[in-house]
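Novice: This is the structure alone, sequence omitted:
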Ligand SMILES: [Zn+2]
């Protein structure tokens with residue numbers, strides 16, 4: 001189990017395929033405990049063909065992502081909000 005445990009940067013590739021903006025610096029709020037963390041600071045378990053992302057504070061599942069190579073199934077029910085910065089928002 002520990003060999004599968006990585007930090008949130010391990011999910012950057014699959015998340016960037018889904019979201020067209022930088023996601024590792026996006027701030028996610030855990031729906032269970034209310035903690036706010038950047039995606040890069042979350043706990044990632046990579047299970048082929050899926051990825052499970054957990055809260056580093058309460059261990060709740062925040063996101064589940066599964067792909068068959070051409071489609072993605074994204075379960076974000078553990079994330080209360082995900083704050084993403086558009087390219088215009090970073091210049092000020
Ligand atoms: Zn939490």
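Specialist: Yes, it's here. Keep in mind that what you see is a predicted model, and the values were worked out from it rather than measured. Numbering: from 1, shown residues only.
Novice: Low-confidence ranges, the chain, go.
Specialist: 1, 48, 87-92 (pLDDT under 70).
Novice: Contacts only, for the residue most central in space within it.
Specialist: Centrality entry for the chain: nearest residue to the mean C-alpha point is residue 39, 5.2 Å, by Cα atoms, centre = their mean. Applying Cβ atoms under 8 Å, 6 or more residues apart in numbering, we find residue 39 in contact with 8, 11, 12, 15, 23, 24, 25, 26, 27, 28, 53. Every C-beta, even on glycine, is put in place using the N, C-alpha and C of the backbone.
Novice: and if we set it to 10 Å?
Specialist: Applying Cβ atoms under 10 Å, 6 or more residues apart in numbering to residue 39 gives the contacts 7-9, 11-12, 15, 19, 22-28, 53, 62-63, 79, 82, 84.
Novice: Likewise for residue 46?
Specialist: 4, 5, 6, 10, 11, 14, 52, 53, 65.
Novice: Residue 71: which of those is nearest?
Specialist: residue 65 (11.2 Å; Cβ to Cβ).
Novice: Which parts of the chain are strands?
Specialist: Using DSSP state E, the strands found in the chain span residues 5-7, 27-30, 36-38, 43-47, 50-54, 61-67, 72-75, 79-83.
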